[in-house]
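Visitor: Predicted structure and sequence below. I'll ask about it afterward.
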Amino acid sequence: MGKILITNDTRWESDLKTCFEDAGFHSSYSQNGVTAYKKQYVSNENVYTDGERTVICVGSWVYNGQVGGEALRLLADDFFGLGIELQYIRNNLIGTFACVIKDRDVAYVFVDGTHTYALYYFIGNGKFLITNTYYHIAREITAEINNNILVLQLAKTGLCDKETPFTGVCRLLEDSCICIRNGMARIEDMNVNSSTYKFRNTDEAVSCLIEKSLYISKAFSRSSKKKLLFATGGLDSRLKLAIDLHNGNDTMLAYWKGLDSITNGTSKDWEINVGLAKKFNLESRLFDVSESFEKCIEKLDLNECNRFGEYASIYAHNSKWLHMAEEIANLGVDEIEMGYDPDILRMENAIVKSFGKNYSVENLIANACFRNGIFTKVLSMPDVFQLAYDDLKRLTATMDKSDLSIDEATILFNYSRLDMGMGLNNFFNQYYYSIPLMYTKPLWDIISAIPCDYKEDDAVSLRYIYNVHKELLDLPVFSHNNLMLLDKSSLKLRYPVKKKVMFMIRDTIYRTPIYDRVYLRYFEKKLFPEKSENGRLFDACIKSLQSMDLVGKLNISIRDNPAKGGFDLPALCACIAKLKLYDLYSRQKENSFLYQ
């Protein structure tokens, strides 16, 4: 990023400038209600101005192959000098970004073509406020909590439409831009130009993806001297490492691990990272984020919300994780990569298992778009099915909603989780460069055109890695808490026989009392030792829920005799942190005590 702040209200501007400066951000430009902030730990150029005409681009991006100040000057020449239209300017901007183009009394604000970059706005009563976190906008305008959207956010794997959990605060999407003219703001339509592809086979699709992704990643690497890649033992981060090794990037492998399953850390992931670092002569770093869930929730207060906004609830407000960016600053790193964006190259198991004839949007929502088990096994909540359906309306307008193809269902699913999937990238983008390579618009278009049957058995990811840096496949793959064996002759991953038997037993008894009494008590602890504290975590979650006034207002209740397993417990812990953030906001709003 770092950050951006645009408003025509001097009090809001003053309040948020103080808030952001207290959080350690320094402005690179501030004039006439428009303020841009540098990344906290990278000396980056994100503003070009000649006094009257200004271009601001925050995030991580390249323009026509150029980066930094040179790219901004080129963009300004194209728009102001050559008169190139706004949508074509965006076509030549690749990355995750928000761009402001300002000419005297007129300004345009837009985000990247897949809206990976988080930018929010309020427009009403002759006023407007635009910045990176919806919490801070809500704080200034004293917005009401939108109970329906908040419950939907808790239940779903991501929000697709513009609404946020605060009434009147919206997300800027890829099909809109904000036009500010003579001190007034309005939303205007913006065309989204997509490239179309048709592949005859898997090899052709992989070849196209490799060519385009290596070209884009090489351009990105011009702005970064040293990268830290948060990697697991799985294929997604292995693919990102293949690109780095091919490009000769100075890359450090990193991993974080805490006390329990909330931070998704496993010793096997770290062991494979160490093996990869040794084999390819890379630095490696393990970050200890050990902090009890109870302590994380206890320390979440208004000061933390003011500092981090909604990001304060990441990993259930694990303060060690939230302050990891400061620790990384001592490592000489200017780019932080998350290893998960190649996940869109894989088939989604929930869709594959449920797909059939006349597969509807309703089928997709019911089987793939809600958090696993939380609201069927632990909590009761208002019926949000219609809300989830409405959330997808913008995307399904041209589809047969009662008969989706598996490719259409997969595209909808991938888009629906962008909001949640980009959370960590957007957090780190405030401090460093951070690029979700496979989510960038040119690569998104290619991947969306790859038929699902080409992705079977992780074929696209495996062939990509094999063709770019095949030695990476010499080490085991640890995916979704399971060690996988690679058959190099067929380029397919297989479970060891013992694991296959275990999973057959689990799937057979999943909906029977034996699951709780036998599998969760004995087998799961052997398969997943990181889950040994799950009983304590569950009890702490229930206790936290019982202490929050907001839970009752949302009509969320704890089920009688809730299941203690068979659902996504880390996601429940994250929901608790989100609920506390909104509960804090609600309480201070009711008490008319907005600022601390």
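Guide: Everything's here; your move.
Visitor: okay but residue 492 is in contact with residue 462, surely?
Guide: Yes - assessed by C-beta atoms under 8 Å, residue 492 is found in contact with residue 462 at 7.4 Å. (Each C-beta comes from the backbone N, C-alpha and C, glycine too.)
Visitor: if I look at these two, which residues touch both of them?
Guide: residue 486 (C-beta atoms under 8 Å, 6 or more residues apart in numbering).
Visitor: Just want to know which of these two has more residues nearby.
Guide: residue 462 (24 against 15; other C-beta atoms under 10 Å).
Visitor: nearest residue to that one other than its sequence neighbours?
Guide: Leaving aside its chain neighbours, residue 462 sits nearest to residue 491 (4.8 Å; criterion: C-beta to C-beta, 6 or more residues apart in numbering).
Visitor: contacting residues around that neighbour?
Guide: Here residue 491 is in contact with 459, 462-463, 466 (C-beta under 8 Å, 6+ apart).
Visitor: Helices - which of those land there?
Guide: Members of the contacts of residue 491 lying in helices (criterion: DSSP state H): 459, 462-463, 466.
Visitor: For residue 247, state which of these is nearest.
Guide: residue 466 (17.2 Å; C-beta to C-beta).
Visitor: Count the neighbours of that closest one for me.
Guide: There are 17 residues near residue 466, going by other C-beta under 10 Å.
Visitor: can you tell me which residues contact it?
Guide: Applying C-beta under 8 Å, 6+ apart, the residues contacting residue 466 are 473, 491.
Visitor: Just the pLDDT for it.
Guide: For residue 466, the pLDDT comes out at 95.
Visitor: about what we covered before: as CSV, the ones in helices among the contacts of residue 491 with distance to residue 91 would be great.
Guide: Shown next, in CSV, are the ones in helices among the contacts of residue 491 (distance: C-beta to C-beta, whole Å):
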residue, distance to residue 91
459, 30
462, 31
463, 29
466, 32
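Visitor: What values do phi and psi take at residue 243?
Guide: phi -60, psi -40 (degrees, to the nearest 10).
Visitor: I'd like the distance between it and residue 399.
Guide: 33 Å (C-beta to C-beta, to the nearest Å).
Visitor: between the two, who's got more neighbours?
Guide: Set residue 243 next to residue 399 and count neighbours by other C-beta under 10 Å: residue 243 wins out with 26 against 16.
Visitor: how about that one, what does it touch?
Guide: Applying C-beta under 8 Å, 6+ apart, the residues contacting residue 243 are 213-214, 217, 437, 468.
Visitor: what's the following helix or strand after the helix or strand hosting residue 388?
Guide: Following DSSP states H and E, the helix or strand that holds residue 388 is helix 385-391. Following helix 385-391 in sequence order, the next helix or strand is helix 393-396 (DSSP H and E).
Visitor: List the buried residues for the helix or strand following that next one?
Guide: Note on helix 393-396: by DSSP H and E, the next helix or strand toward the C-terminus is helix 406-416. Across helix 406-416, burial judged by 16 or more other C-beta atoms under 10 Å covers 406, 408-416.
Visitor: Send over the helix or strand following helix 406-416 as PDB, restricted to the C-alpha atoms.
Guide: Scanning forward in sequence from helix 406-416 by DSSP H and E, the next helix or strand is helix 418-421. Extracted in PDB, the C-alpha atoms of helix 418-421 (Å, rounded to 0.1, in the frame of the first residue of the first chain):
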ATOM      1  CA  LEU A 418     -11.200 -13.400  -2.900                       C
ATOM      2  CA  ASP A 419     -12.300 -11.100  -0.100                       C
ATOM      3  CA  MET A 420     -11.100 -13.500   2.600                       C
ATOM      4  CA  GLY A 421      -8.200 -14.900   0.600                       C
END
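Visitor: could you point out which element follows helix 418-421?
Guide: That would be, after helix 418-421 and using DSSP H and E, helix 423-429.
Visitor: Could you list the low-pLDDT ranges of the stretch 51-200 of the chain?
Guide: Of all residues in the stretch 51-200 of the chain, none has pLDDT under 70.
Visitor: how near is the residue lying closest to residue 265 once chain neighbours are set aside to residue 236?
Guide: Once flanking residues are discounted, residue 265 sits nearest to residue 257: 3.3 Å by C-beta to C-beta, 6+ apart. According to C-beta to C-beta, residue 257 and residue 236 sit 18 Å apart.
Visitor: Compare those two (neighbour count), which wins?
Guide: Applying other C-beta under 10 Å to residue 257 and residue 236 shows that residue 236 carries more neighbours, namely 22 against 17.
Visitor: Ignoring the adjacent residues along the chain, who's closest to that one?
Guide: residue 342 (4.3 Å).
Visitor: Which stretches in the stretch 201-350 of the chain count as strands?
Guide: 227-230, 251-257, 283-288, 335-338 (DSSP state E, counting those that start in this stretch).
Visitor: and the contacts of residue 243, which two are the farthest apart?
Guide: 437 and 468 (12.8 Å).
Visitor: Check the gap between residue 457 and residue 343 for me.
Guide: 15 Å.
Visitor: More neighbours: which of those two?
Guide: Using other C-beta under 10 Å, the more surrounded residue of residue 457 and residue 343 is residue 343, with 18 against 15.
Visitor: where does residue 123 fall, phi/psi-wise?
Guide: Dihedral angles (degrees, to the nearest 10) for residue 123: phi -130, psi 120.
Visitor: and it, how many residues sit next to it?
Guide: Neighbour tally, residue 123, other C-beta under 10 Å: 17.
Visitor: swap in residue 196?
Guide: 7.
Visitor: likewise residue 202?
Guide: Neighbour tally, residue 202, other C-beta under 10 Å: 17.
Visitor: Distance of it relative to residue 466?
Guide: Taking C-beta to C-beta, one finds residue 202 at 12 Å from residue 466.
Visitor: Could you verify my assumption that residue 151 touches residue 381?
Guide: Yes - when contacts are counted by C-beta under 8 Å, residue 151 is listed as touching residue 381 (5.9 Å).
Visitor: ok, what's across the strand from residue 48?
Guide: Applying DSSP bridges to residue 48 gives these bridge partners: residue 55.
Visitor: What distance do you get for residue 564 to residue 260?
Guide: 14 Å.
Visitor: Show the model's pLDDT score for residue 216.
Guide: 96.
Visitor: Just give the nearest non-adjacent residue to it, would you?
Guide: Per C-beta to C-beta, 6+ apart, closest to residue 216 is residue 94, 5.9 Å.
Visitor: Can I take it that the one you found is in a helix?
Guide: No - under DSSP: H, G, I helix; E, B strand; the rest coil, residue 94 falls outside any helix and is assigned strand.
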